[in-house]
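Colleague: give me a 3D structure for the following:
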Amino acid sequence: MTWETIRQLVVSLPGIEESTSYGTPALKVNRKLFARLHQDGENVVVRIEKKARAALIRANSAFHVTDHYAGFPYVLVRLREISQEDLGKALKNAWRLVAGKSYLEAFDGRCSTC
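Modeller: Numbers count the residues shown, from 1 in each chain. Next up, the predicted model:
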């Protein structure tokens, strides 16, 4: 999976801003980071609710966390191991955490199955 694939997975989400974070490509909404390519190029860092992270890691070995991210609401995703479907869900959930009410209403209003 490549960064271009990741970009395509979020193209339908309103308010997406392409940016950088720590010198790597990043995705933001309302200037808030929800995903970025990790500097190792093999993982993507994705926003998550901290209370949901442990269950996600147990359910799918593509998700993991390092000591650096232990105290932050992020999870790392191994790009070689994750399916497009699972990564798409994680990215959409991350976007929802930072999108804000107007973007959520715009998206939910046109996406009845999301």
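
Colleague: when you work out contacts or count neighbours from here on, use the C-alpha atoms and nothing else.
Modeller: Fine.

Colleague: contacts for whichever strand or helix holds Leu97, please.
Modeller: In the assignment (DSSP states H and E), Leu97 maps to helix 84-98. Helix 84-98 is contacted from outside by 6, 9-10, 13, 28-30, 32-35, 46-49, 104, using CA atoms under 8 Å, 6 or more residues apart in numbering.

Colleague: equivalent analysis for stretch 27-40, please.
Modeller: Outside stretch 27-40, the residues that touch it by CA under 8 Å, 6+ apart are 3, 15-26, 43-47, 91, 94-95, 97-100.

Colleague: return the helix or strand of the chain at the bottom of the mean pLDDT ranking as CSV; C-alpha atoms alone will do.
Modeller: Lowest on mean pLDDT, DSSP states H and E among the helices and strands of the chain sits helix 101-110, with a mean of 85. Provided in CSV are the C-alpha atoms of helix 101-110 (Å, rounded to 0.1, in the frame of the first residue of the first chain):
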residue,chain,number,x,y,z
LYS,A,101,-19.9,19.2,13.2
SER,A,102,-20.3,20.9,9.8
TYR,A,103,-18.2,18.4,8.0
LEU,A,104,-19.8,15.5,9.8
GLU,A,105,-23.3,16.7,8.9
ALA,A,106,-22.2,17.3,5.3
PHE,A,107,-20.8,13.8,5.0
ASP,A,108,-23.5,12.0,6.8
GLY,A,109,-26.1,13.8,4.9
ARG,A,110,-24.8,12.4,1.6
